[in-house]
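**Student:** A predicted structure for the sequence below; I have some questions about it.
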Amino acid sequence: MSDAPPPQASSPEAMPDVQGKSDSRNVAINKVGVKDIRYPITLHCPTTGGSQHTVAQVNMYVSLPHHQKGTHMSRFLQVLNDHHTSLSPKDIMSVCREMKEVLNAADAHLELGFPYFIDKEAPVTKKKGKLDIEVTFEATANGEDDFVMGIKVPATSLCPCSKEISAYGAHNQRCIMEAKVRFVAGQTMWIEELFALVEKCASTQVFAVLKRPDEKFVTEDAYDNPKFVEDIVRDLAVALDGEERISWYQVSSDNFESIHNHNAYAVVVRDKRSAATSE
């Protein structure tokens, strides 16, 4: 057996900080960090006053100056660990600002994407079910705050041309309507509020549970409310123009054609602040 003493653990202060060393290549990095983190998060729910647990795909980045060799990757997860148990749209910017401070960076970027479940009743029988939608939070802190909330909402569209030219019936399709929004300073919206605005702009809604009376209702509702993809994005734009808490939006619809082997797509982008200035 060796009589040599066991190695002593070095204190963090005594260990070399390789990431903090200088770099001579004179190349600044726009974004560096960690991505595709699968992480449990808890979100506030306005309808119940409680919370909803889900799993997010998280990306966390900062900018790196040209003279610094690397960033400190472990610090990203430390920040995330401190905040994952209670999140709302208004919390995301504070997390992003903390990343910027903890990593001593000029810019910080935080991106979350996660499934979120909306409680919906069938239109006639009122049978309850949970409809899943995709939600994204994107935040940037660089001396100014920038936060974008996005949702993807499944719905149904029915072709006005098909209805007009056919002796009976009309072709319809599933569509995914997407809205990304920025808010007026000091304002925000619940996910449920934005969802309610968006889903009204399709020919009809989709539901998790439908009995025969419900199916009859949604089929006839779509037939009575035909919309091209252009109609959907224009209605989305009108709806978001009327929401005073929103300062900028990008809305789109991706319609999965039932009689073509391609999709129909349209998008509208509008900065309401610029529009107000020019009027």
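**Tutor:** Noted; the coordinates are in hand.
**Student:** and Glu178, what does it touch?
**Tutor:** By C-beta atoms under 8 Å, 6 or more residues apart in numbering, the residues touching Glu178 are Gly150, Ile151, Lys152, Val153, Gln250, Val251, Ser252, Ser253, Asp254. In short, each C-beta sits where N, CA and C put it, glycine included.
**Student:** over to Val62?
**Tutor:** Per C-beta under 8 Å, 6+ apart, neighbours of Val62: Lys31, Val32, Gly33, Thr71, Met99, Lys100, Leu103, Ala105, Asp107, Ala108, His109.
**Student:** I'd say the third one and Met60 touch.
**Tutor:** Yes. Between Gly33 and Met60 there is a contact at 4.8 Å, judged by C-beta atoms under 8 Å.
**Student:** what about these two, which has more around it?
**Tutor:** Neighbour count, other C-beta atoms under 10 Å: between Gly33 and Met60, Met60 has more, with 25 against 22.
**Student:** excluding chain neighbours, what is closest to that one?
**Tutor:** Nearest residue to Met60 in three dimensions, chain neighbours excluded: Phe76, at 4.3 Å (C-beta to C-beta, 6 or more residues apart in numbering).
**Student:** what about the contacts of Val62, which are in strands?
**Tutor:** Lys31, Val32, Gly33, Ala108, His109 (DSSP state E).
**Student:** highest neighbour count among the residues you listed?
**Tutor:** Greatest neighbour count in the ones in strands among the contacts of Val62, by other C-beta under 10 Å, goes to Ala108: 26 neighbours.
**Student:** list the residues that contact it.
**Tutor:** Counting by C-beta under 8 Å, 6+ apart, Ala108 touches Met60, Tyr61, Val62, Ser63, Cys96, Arg97, Met99, Lys100, Thr140, Ala141, Asn142.
**Student:** can you classify the most centrally placed residue in the chain as helix, strand or coil?
**Tutor:** Taking C-alpha atoms, centre = their mean, the centroid of the chain lies closest to Thr136, which sits 1.4 Å from it. Under the three-state scheme (DSSP: H, G, I helix; E, B strand; the rest coil), Thr136 adopts strand.
**Student:** so how far is Asn172 from the closest residue to Arg174 other than its chain neighbours?
**Tutor:** Among residues not flanking Arg174 along the chain, Phe256 sits closest, at 5.1 Å (C-beta to C-beta, 6+ apart). To Asn172, Phe256 is 10 Å away according to C-beta to C-beta, to the nearest Å.
**Student:** the two - which one has more neighbours?
**Tutor:** Asn172 (23 against 13).
**Student:** ok, now which ones touch the more buried one?
**Tutor:** Thr156, Ser157, Leu158, Cys159, Ser203, Ala222, Ser258.
**Student:** what's the closest of those to Ala167?
**Tutor:** Of all those, Ala167 sits closest to Cys159, with 14.9 Å by C-beta to C-beta.
**Student:** list phi and psi for the closest one.
**Tutor:** Cys159 adopts backbone torsions of phi -80, psi 120, taken as degrees, to the nearest 10.
**Student:** what does Tyr223 give?
**Tutor:** Dihedral angles (degrees, to the nearest 10) for Tyr223: phi -60, psi -30.
**Student:** residues in contact with it?
**Tutor:** Counting by C-beta under 8 Å, 6+ apart, Tyr223 has contacts Leu158, Lys163, Ala170.
**Student:** just the ones of these in strands?
**Tutor:** Of the contacts of Tyr223, the ones assigned to strands by DSSP E are Leu158.
**Student:** ok, which stretches of the stretch 151-279 of the chain are helices?
**Tutor:** Ranges of helices in the stretch 151-279 of the chain, per DSSP state H, counting those that start in this stretch, are 160-165, 191-199, 212-223, 229-241, 272-278.
**Student:** figure out which of these is closest to Tyr265.
**Tutor:** Across the helices of the stretch 151-279 of the chain, Tyr265 has its closest neighbour in helix 229-241 (6.5 Å, C-beta to C-beta).
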